[in-house]
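Undergrad: What follows is a predicted protein model with its sequence.
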Amino acid sequence: MSIYVGNLSYGATQEDLQAVFAEYGTVKRVQLPIDRESGRIRGFGFVEMSSDAEEDAAIEALDGAEWMGRDLKVNKARPREDRRPSGGGGGGGWGGGGGRGNTYR
């Protein structure tokens, strides 16, 4: 499992996050998604620790804590959802009823 860390300062680095979470146990991995357009972090990240007990301790201590001028949002990360387009949408196509009287010849 991993930990979601939200409301991060845009100046935060992986090393910064590693140091903060290391106070609660062994950090296995830190991931900070980067915005494609701006090139800076997106304001959230994920931290994996070596045990659930360490993750729980970090969440308990850091959720709502002020860090780098921001109040952190820290909780268990939810599994990633499949984000395929939902289809839906509109107009045209075969079953839409068109606006021309539906005459077929």
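TA: The structure has been received and is ready for your questions.
Undergrad: Could you pull up the residues touching the residue lying closest to Phe44 once chain neighbours are set aside?
TA: Nearest residue to Phe44, sequence neighbours excluded (CB to CB, 6 or more residues apart in numbering): Gly6, at 4.5 Å. Bear in mind the C-beta positions are built from the backbone N, C-alpha and C, glycine included. For Gly6, the contact set (CB atoms under 8 Å, 6 or more residues apart in numbering) comprises 43-44, 72-74.
Undergrad: Tell me which of the residues you listed fall in strands.
TA: In strands, defined here by DSSP state E, the members of the contacts of Gly6 are 44, 73-74.
Undergrad: So how do I select the buried members of those residues in ChimeraX?
TA: Only the buried entries of the ones in strands among the contacts of Gly6 go into this ChimeraX selection, using 16 or more other CB atoms under 10 Å:
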select :44,74
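Undergrad: Return the closest of the ones in strands among the contacts of Gly6 with respect to Ala65.
TA: Val74 (7.8 Å; CB to CB).
Undergrad: didn't the closest one look like it was pressed against Ala57?
TA: No: contact between Val74 and Ala57 fails when scored by CB atoms under 8 Å: they sit 11.1 Å apart.
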